[in-house]
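>>> Quick one, what's the 3D model for this:
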Amino acid sequence: MRFALRSLALAVLLLAAGGCTPSGDEGSGGIRVVTDYLSSEIRELDGRIAARREELTALPDLFRNQQSDRIGYHSKPSDPQAQPGVVPRPDTRTIRVDLGVKQRIDSVVLVPADYASGPDTGEGYGFPVRFRVEVSDDPGFEESRVLADHTGEDFPNPRRFPVVIPAEEVHTRYVRLTATDLWTSGGRSLLALGELMVLRGGRNIAAGLPTEAVRATDSDEAPPTWGRANLVDGQSVLGAPQGIQQAATRGFQSLPEKKADVPSWVMVDLGREVPLHEIRLLPARSGEFPARRGFGFPLRYKVEIAGEADASFAQAVVVDDHSRYDMLNPRENPVSIRVPGTPARFVKVTATRRAERLDDYVFALAELQVFSGGENVAASASVSAQNSLENAEWSTKHLTDSQTSLRVLIPWPEYTAALEKRRVIEASIRDLVARRRSVTDRVLRLTLQWSSIAIAVAVAGTLIHIWRSRRARRRELAALRRRLAQDIHDEIGSGLGTISLLSQMGGGNDAHPEDAREEFNEIHRLSRAVTESLRDIVWFIRPETRTVGDLAQRLKETSASMLAGIPHEFTADAPATQRDLPLEPKRQILLFFKEALHNILRHSAATKAEIRITGDEKYFRLLIRDYGCGFDPAESRSGAGLTGMKQRAKTLGGRLSIDTARGCGTSLTLEVPWRPPRKSPSR
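This next block holds a predicted model:
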């Protein structure tokens with residue numbers, strides 16, 4: 001029997017698995033258990049997926065929502081008058097960046113845009129489907145060198161990650177991207193990029209180029225969101241080049257002022273005069289205002305540099321002046337300022353209009369980097385300020401500690417290479433998950449076929465085993481069904497009959513509304529009694545109620561319900577509760593118990609009651625004692641209460657002892673043998 005039931009359970013599980021579809025990338029928990037057990041290929045794929053995900057833990061990731069309002073470059077859509085539902089034929093778009101002079105480059109990085117304008121948009125918006133990247137020394141590209149050619153097949157959309165194109169031993173002035181097959185959505189084909197970076201050493205030498213350095217086939221100029229200048233402004237989904245190590249500091253923050261236009265300056269002393277090529281301002285983030293990207297970044301500012309002997313900035317050179325108009329917050333993107341190799345020792349940033357905090361205004365930066373060639377010469381340099389908030393997170397010395405407010409800074413080449421590796425690994429994981437889903441579907445289809453056969457075999461085996469069960473067991477079950485049917489008839493039939501009679505009387509008594517309400521209350525009481533009887537019958541059927549402990553729990557619940565208004569104590573000796581008691585004695589004892597409690601409620605006027613279950617090697621004992629009025633056993637009494645209880649004791653092969661006297665309460669002791677006679681007369 002056990003084998004048949006196990007076979008049937010397994011078959012049902014397999015059938016359920018075969019009729020389901022995985023709810024997630026790798027299936028729901030129950031289905032996964034089945035498919036992993038059945039398929040070594042799935043287990044192997046799970047191992048590969050887990051290994052690839054483990055690789056991701058060592059790679060930096062992008063922070064969400066760090067792209068500023070300056071998203072990038074956007075071409076004009078092709079075929080704007082195309083018919084609805086007809087995909088226009090893609091055409092070619094080109095973008096050319098002039099680096100100003102011929103110089104060595106290490107790589108070209110294409111950074112996708114993130115722009116949600118409808119369905120199928122968002123990360124990777126407008127990224128070309130097919131393209132090539134070339135470099136040349138002449139603007140017409142009559143002679144050029146191809147760095148990457150993806151015009152022969154579709155390039156997978158990189159979504160939010162950059163595409164790094166190596167340029168080993170390449171010296172050039174011009175970089176050109178040619179899109180031969182455009183990204184298409186909603187009947188529109190276009191080219192869009194968040195940023196085009198040209199890396200050399202630790203710098204993006206394209207950052208901060210003037211707008212005229214960027215030429216394109218066409219441009220959908222929509223400032224501040226889209227424009228050619230945004231392609232080389234250093235602002236994109238990449239943010240600042242950060243590793244995986246957590247930062248211990250936030251950066252520099254001035255003391256607050258109640259007015260925005262109170263100037264505040266901070267100055268870095270490089271220690272010696274060196275030629276400067278780039279100054280990089282990295283916005284901060286505050287732990288008190290985590291949702292504010294670019295916390296404290298000034299709305300208006302200017303950047304000055306001064307030579308070895310000009311610490312007072314009397315002959316300073318202004319390299320960036322945004323003091324005449326408010327600047328859009330760069331969020332967490334670095335602001336790159338190009339410097340044409342001017343020698344300097346001191347770099348000073350003056351906020352002429354501060355950023356709002358709560359009801360005051362502050363000036364804050366996470367980091368200030370100064371590049372001479374490809375080296376950040378400001379790392380660990382001395383910093384002074386007009387005033388500064390000094391604590392564990394904010395300090396002037398934290399402005400040059402090579403940390404943003406979140407992570408430790410790493411070089412651009414290392415950062416973009418790690419992000420591209422993450423892109424490749426995540427694409428690999430998606431492919432493996434898709435393959436796993438395909439294998440899972442195949443396994444589930446086979447499981448559905450074999451599970452049907454397994455169910456048929458299991459059902460047949462179960463039926464044969466049941467048919468061959470002992471005849472005595474069948475007779476016992478049949479007798480039990482007859483007794484249960486009789487109990488249902490006696491308990492529920494009479495109750496329902498009374499309910500029918502009372503409802504008829506209540507419904508027809510129009511002249512006595514108060515009496516009618518009383519009758520309907522009686523209906524409610526009787527319906528609850530019938531419900532309680534049903535509960536008892538269900539309890540008898542439950543197979544797990546086999547011990548005296550189970551019976552004691554049921555008697556305790558019954559006493560708590562019936563004696564709710566009478567203080568009572570219920571105890572059961574532990575040795576007795578561990579023993580088994582057959583179904584028929586439990587049924588009779590419960591009915592006996594309810595009859596006894598009913599008598600206490602109706603006749604005893606008891607102030608207290610005690611109930612105790614004990615037993616020895618031969619007998620089960622139930623003691624019920626009330627502290628009530630008692631009665632004279634010699635007097636004849638109407639009703640069938642005591643007679644019925646005595647008959648139940650006799651049915652079980654036991655005896656009922658009654659100890660009572662007027663004014664002394666009543667004690668009932670029921671003794672039942674653990675194994676009563678097998679053939680017992682019905683009630």
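>>> and the helix or strand that contains Lys646, which residues are buried?
Per DSSP states H and E, Lys646 falls inside helix 641-651. Applying a neighbour-count criterion of 16 or more other CB atoms under 10 Å, one finds 642, 645, 647-649, 651 buried in helix 641-651. C-beta here means a position set from N, CA and C on the backbone, and glycine is covered the same way.
>>> cool, stretch 283-300 as well?
Buried residues in stretch 283-300, counting neighbours by 16+ other CB under 10 Å, are found at 283-286, 292-300.
>>> re the thing from before, give the other helices and strands that the helix or strand just after the helix holding Lys646 contacts.
Later in the chain than helix 641-651, the nearest helix or strand by DSSP H and E is strand 655-660. Helices and strands touching strand 655-660, as assessed by 3 or more CB pairs under 8 Å, 6 or more residues apart in numbering; DSSP states H and E, comprise helix 641-651, strand 666-673.
>>> okay, strand 655-660 in CSV with CA atoms only?
Extracted as CSV, the C-alpha positions of strand 655-660 are listed here (Å, rounded to 0.1, in the frame of the first residue of the first chain):
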residue,chain,number,x,y,z
ARG,A,655,-18.7,0.1,34.2
LEU,A,656,-20.0,3.4,35.4
SER,A,657,-19.8,4.3,39.1
ILE,A,658,-22.0,7.1,40.5
ASP,A,659,-21.2,8.7,43.9
THR,A,660,-23.7,11.4,44.9
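>>> Would you pull up how far it lies from the middle of the chain?
65 Å (CA atoms, centre = their mean, to the nearest Å).
>>> Looking at it now, give me its mean pLDDT.
When the per-residue pLDDT values of strand 655-660 are averaged, the result is 90.
>>> Other residues contacting that strand?
Contacts of strand 655-660 with the rest of the structure, by CB atoms under 8 Å, 6 or more residues apart in numbering, involve 630-631, 633, 642, 645-646, 649, 666-671.
>>> what does the domain assignment say about the protein?
What automatic domain parsing lists as the domains of the chain is 2-60+433-467, 73-80+89-232, 242-409, 470-541, 546-683.
>>> Can you show me the helices along this structure?
Assignment of helices within the chain using DSSP state H yields the ranges 2-18, 29-38, 40-56, 412-467, 471-488, 494-508, 513-541, 548-562, 574-577, 583-599, 641-651.
>>> I'd like to know which elements the last one is packed against.
For helix 641-651, the packing partners by 3+ CB pairs under 8 Å, 6+ apart come out as helix 583-599, strand 655-660, strand 666-673.
>>> May I see those arranged in a markdown table, with distance to Ser68 as well?
Converted to a markdown table, the helices and strands packed on helix 641-651 look like this (distance: least, CB to CB, whole Å):
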| stretch | distance to Ser68 |
| --- | --- |
| helix 583-599 | 77 |
| strand 655-660 | 91 |
| strand 666-673 | 86 |
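>>> what's the closest of the ones you listed to Ile455?
Between Ile455 and the helices and strands packed on helix 641-651, the shortest separation by CB to CB is 31.6 Å, and it involves helix 583-599.
>>> Run the angle between that closest one and helix 641-651 for me.
The directions of helix 583-599 and helix 641-651 differ by 160 degrees, with axes from the mean of the first three to the mean of the last three CA atoms, to 10 degrees as the criterion.
>>> Enumerate every residue touching the nearest residue to Ser384 once chain neighbours are set aside.
Setting aside the residues directly before and after it, Ser384 is nearest to Met267 in space (CB to CB, 6 or more residues apart in numbering), at 5.2 Å. Met267 is in contact with 346-349, 383-385, counting by CB under 8 Å, 6+ apart.
>>> how about a cut-off of 10 Å?
For Met267, the set of contacting residues under the criterion of CB atoms under 10 Å, 6 or more residues apart in numbering consists of 304, 306, 311, 313, 346-350, 368, 382-386, 396, 399.
>>> go on, Glu569?
Neighbouring residues of Glu569 by CB under 10 Å, 6+ apart: 559, 608-612, 625.
>>> Go through those and say which is closest to Val214.
Taking CB to CB as the measure, Ser559 is the one of the contacts of Glu569 closest to Val214, at 89.4 Å.
>>> measure that closest one to Glu595 for me?
Between Ser559 and Glu595 the distance, using CB to CB, to the nearest Å, works out to 13 Å.
>>> hmm, back to that, will you turn the helices and strands packed on helix 641-651 into a markdown table that also has mean neighbour count and distance to Asp360?
Output for the helices and strands packed on helix 641-651, formatted as a markdown table (neighbours: other CB atoms under 10 Å; distance: least, CB to CB, whole Å):
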| stretch | mean neighbour count | distance to Asp360 |
| --- | --- | --- |
| helix 583-599 | 20 | 76 |
| strand 655-660 | 15 | 89 |
| strand 666-673 | 20 | 84 |
